[in-house]
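Engineer: Build me a model:
(2 chains)
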Amino acid sequence: MRRIPPPILMAGQGVISLTRRDRLYRLVNSQAFVALLFLAVPVLLLAALKIYPVFYNLYLSFTRYELFEPPRFVGMKNYSYVFSNTVTRQSIINTLLFTIEAVPIGTALALVIAKLLDQSIRGRVFLRTLYYLPVVSSVVVSAMIWRWIYSPQHGLLNYFLGLAGIPPQNWLNDPNLALISLVIVTIWGSIGSNMVIFLAGLQDIPRDVIEAARVDGANPLQNFLLITVPLMRPVILFVVVTFTIGIFRNFGLIFMLTQGGPFNRTNTMVWEVYQNVFGYLRLGRGAAISVVMLIIVLILTLISFRVLRERQGA
Amino acid sequence: MKQSQSHLGTFSLWEARIPLLLTYAILIVGAIVMIMPFVWMVSTSIKPDREIFGDSIRWLPTELDLQNYTDAFEQTNMPRLFANTVLVTAVAVVSQVLLGSMAGYVFARLHFRGKMLLFFALLTTMMVPFEVLIIPVFLLIRFFPLAGGNDLFGQGGTGLINTLGGVMFPNFVSVFGVFLFRQFYLGFPKEIEEAAIVDGCSRVGVYWRILIPNSKPVMGTMALFAFLWSWNDFLWPLVVVKEDSLKTIQLGLSVFDQEQGTAWAELMAASVMAVVPVILLYIFLQRFLVSGGLTSGLKG
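Structural biologist: So this is what the prediction gives:
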């Protein structure tokens, strides 16, 4: 620590005079200088990794680029390919199907679990930890376990179905079951994180409203459906949006379990980007698909931001 | 139940019990479904093959068989995978905590022209998932100047492809971290810092001697998130690393999966080894996670 000497008033001049060292210290300790010192590295890194790539990606989406020759401008060709090629179009449809199948059920389950855990019951922290474990586990490990559970010959799921008299299914290789199989793993893996968001949201619901409804004769189910759910609407929408974005980003599960198959039934947009870039070295096409993905994700995020702001205003 | 306990007088004991029992029933059945895959993983990993491929399901093996662990350990070159992952993760954790707290301090406390503009520009990048930027970031690493035989313009070599530096590069800083630290420092009492400045402490000194020692909760939260992201990261190491000796544990596991096909006991043993450090750390640090990170992020 260094003491700043008191300013010296020079006779007849009336100005503050500082030694050179003090002036240097003032400069180095100025807000702007410290800000520059502290921000230079993180801001440069984020500019290189988050801002510049958005624009470079956009540029690449208008080019034909195969890594070994410089990108060549081709106009809208990649975009017309994205929307006309059956496989790529299928990947957009699959992503939406995946979302429609996973998000409503997954969100509802997470909300019910959060509501039940939002009481001072015994073992609450322990139960919450158990529900959160799949979130902590990596996608590779989760996928590996589920591949074993889905195994046609000795898998746990077919064994349970067998107990109920249902014939064994070839979960991950059956065109009609593959996407559902991925949806089940996705719901299992996301209940924990959605539950935590719901638990935080439930803290903000005034207890006396629920208590008043109970005194007025509402049973717990009515209380949940008529009081909690409407009051939680903004949080529910926030979870729906973040969950949907999570599904758009879900690469590892597809890589590990189905590789987009069978018959492209689990080929989603993120898999299609990966295939185009690292499979066929079509960087321009891959960039065009990721731009489409980014636009969808941005729209969804803006919706969730708007909802959150309304919630804070209310 | 807080409310029903205090109002038990208006409730008959019977009425109060049914919802409680139902709550437990649903929560416990749900929890069993949630952890069954993990239990099955552990169960498979300690069984001899004949019990894995037997006709009926056995949750507990008749004899403990740890051979699967030693097999998986040797076949995946587990020490190498662990060493790579620990290194990559440690760098990510330290760097994200340090850079996040530095930038968070600036955005929370210092004033300069264009600060809010810069802050919101950074905040917007949080909306962009890494997966959609994989091509330009890959190219950035591939054509990184003066690395891997590249010249100043990034030509001639392979850049940071196939290096641990390449794996680390996107994980040095997280916008989420900057935001997390800023929120924390905004809530930190200003008076202490002002008193220190009056006493002649420099701004860097305020950061280093006052804010850093008082940031333990937010650092724990950031460290846990950075650890989880880095340890569990899959897509990025997959596209950057080709060589076996540089693979992270997730990558090694995914390849092992394709090579082994149906050697389920070894696969499950390897999975257990990959997931146990994460679960232990989560249980150890979860107090921070619940009280700090997520809720403060949501409430803005």
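Engineer: if I pick residue A:72, what's in contact with it?
Structural biologist: Residues near residue A:72 by C-beta atoms under 8 Å, 6 or more residues apart in numbering or on different chains: A:63-65. Backbone N, C-alpha and C define where each C-beta goes, glycine included.
Engineer: And the strands in the stretch 101-250 of chain A?
Structural biologist: Along the stretch 101-250 of chain A, counting by DSSP state E, counting those that start in this stretch, no stretch forms strands.
Engineer: Now it against chain B: closest residue?
Structural biologist: The nearest approach of the stretch 101-250 of chain A to chain B comes at residue A:138, 3.6 Å away (C-beta to the nearest C-beta).
Engineer: Neighbours of the residue lying closest to that residue once chain neighbours are set aside, how many?
Structural biologist: Once flanking residues are discounted, residue A:138 sits nearest to residue B:232: 3.6 Å by C-beta to C-beta, 6 or more residues apart in numbering or on different chains. Neighbours of residue B:232 under the rule other C-beta atoms under 10 Å in any protein chain shown: 24.
Engineer: One more: residue B:155?
Structural biologist: Around residue B:155 there are 11 other residues, counting by other C-beta under 10 Å.
Engineer: How is it assigned, secondary-structure-wise?
Structural biologist: coil (DSSP: H, G, I helix; E, B strand; the rest coil).
Engineer: What separation do you get for it and residue A:71?
Structural biologist: Residue B:155 sits 14 Å away from residue A:71 when distances are taken as C-beta to C-beta, to the nearest Å.
Engineer: do residue B:284 as well
Structural biologist: Separation of residue B:284 from residue A:71 (C-beta to C-beta): 48 Å.
Engineer: the more surrounded of the two?
Structural biologist: Neighbour count, other C-beta under 10 Å: between residue B:284 and residue A:71, residue A:71 has more, with 18 against 11.
Engineer: residues touching that one, list them.
Structural biologist: Residues near residue A:71 by C-beta under 8 Å, 6+ apart: A:59-60, A:63-65, A:283-284.
Engineer: if I look at the residue nearest the centre of chain B, how far off is residue B:279?
Structural biologist: Most central in chain B under C-alpha atoms, centre = their mean is residue B:228, positioned 1.1 Å from the mean C-alpha point. Residue B:228 sits 11 Å away from residue B:279, taking C-beta to C-beta as the criterion.
Engineer: Kindly report the same for residue B:202.
Structural biologist: Residue B:202 is 43 Å from residue B:279, by C-beta to C-beta.
Engineer: Of those two, which one has the most company?
Structural biologist: Ranked by neighbour count (other C-beta under 10 Å), residue B:202 and residue B:279 place residue B:202 first, with 18 against 15.
Engineer: Next up, phi/psi of residue A:63, please.
Structural biologist: Note on residue A:63: backbone dihedrals following degrees, to the nearest 10 are phi -130, psi 160.
Engineer: That one and residue A:282 touch, don't they?
Structural biologist: No - using C-beta atoms under 8 Å, residue A:63 is not in contact with residue A:282; the gap is 10.8 Å.
Engineer: right, and residue B:118 touches residue A:43 too?
Structural biologist: Yes - contact criterion C-beta under 8 Å: residue B:118 and residue A:43 qualify, at 7.1 Å.
Engineer: can you pull the contacts of the residue positioned nearest the centre of chain A?
Structural biologist: In chain A, the C-alpha nearest the mean C-alpha coordinate belongs to residue A:246, at 3.6 Å (C-alpha atoms, centre = their mean). By C-beta under 8 Å, 6+ apart, the contact list for residue A:246 reads residue A:190.
Engineer: of the contacts of residue A:72, closest to chain B?
Structural biologist: Nearest member of those to chain B, counting by C-beta to the nearest C-beta, is residue A:65, at 8.9 Å.
Engineer: and that closest one, how many neighbours does it have?
Structural biologist: There are 25 residues near residue A:65, going by other C-beta under 10 Å.
Engineer: on that earlier part again, show me the contacts for the residue nearest to the centre of chain B.
Structural biologist: A:136, B:278, B:282.
Engineer: which non-adjacent residue is nearest the last one?
Structural biologist: Nearest non-adjacent residue to residue B:282, counting by C-beta to C-beta, 6+ apart: residue A:136, 4.6 Å away.
Engineer: distance of that neighbour from residue B:30?
Structural biologist: In this view, residue A:136 and residue B:30 are 17 Å apart by C-beta to C-beta.
Engineer: ok, now residue B:94?
Structural biologist: Noted for residue B:94: a distance of 37 Å to residue B:30, by C-beta to C-beta.
Engineer: give me the number of residues near residue B:190?
Structural biologist: If you count neighbours by other C-beta under 10 Å, residue B:190 ends up with 11.
Engineer: Check residue B:120 too.
Structural biologist: Residues lying near residue B:120 (other C-beta under 10 Å) number 9.
Engineer: could you point out which element follows the host helix or strand of it?
Structural biologist: Using DSSP states H and E, residue B:120 sits in helix B:115-125. Where DSSP H and E defines the elements, the next helix or strand beyond helix B:115-125 is helix B:134-142.
Engineer: Can you name every helix or strand that that following helix contacts?
Structural biologist: helix A:52-60, helix A:269-274, helix A:283-313, helix B:235-240 (3 or more C-beta pairs under 8 Å, 6 or more residues apart in numbering or on different chains; DSSP states H and E).
Engineer: again, 10 Å this time
Structural biologist: Judged by 3 or more C-beta pairs under 10 Å, 6 or more residues apart in numbering or on different chains; DSSP states H and E, the packing partners of helix B:134-142 are helix A:52-60, helix A:269-274, helix A:283-313, helix B:164-168, helix B:235-240.
Engineer: if we can go back for a sec, residue B:94 and residue B:30: who's more crowded?
Structural biologist: Remark: of residue B:94 and residue B:30, residue B:30 carries more neighbours, 19 against 13, as counted by other C-beta under 10 Å.
Engineer: Count the residues that sit near the closest residue to that one other than its chain neighbours.
Structural biologist: In this structure, residue B:30 finds its nearest non-sequential neighbour in residue A:113, 6.0 Å apart by C-beta to C-beta, 6+ apart. Around residue A:113 there are 24 other residues, counting by other C-beta under 10 Å.
Engineer: That'll do, ta.
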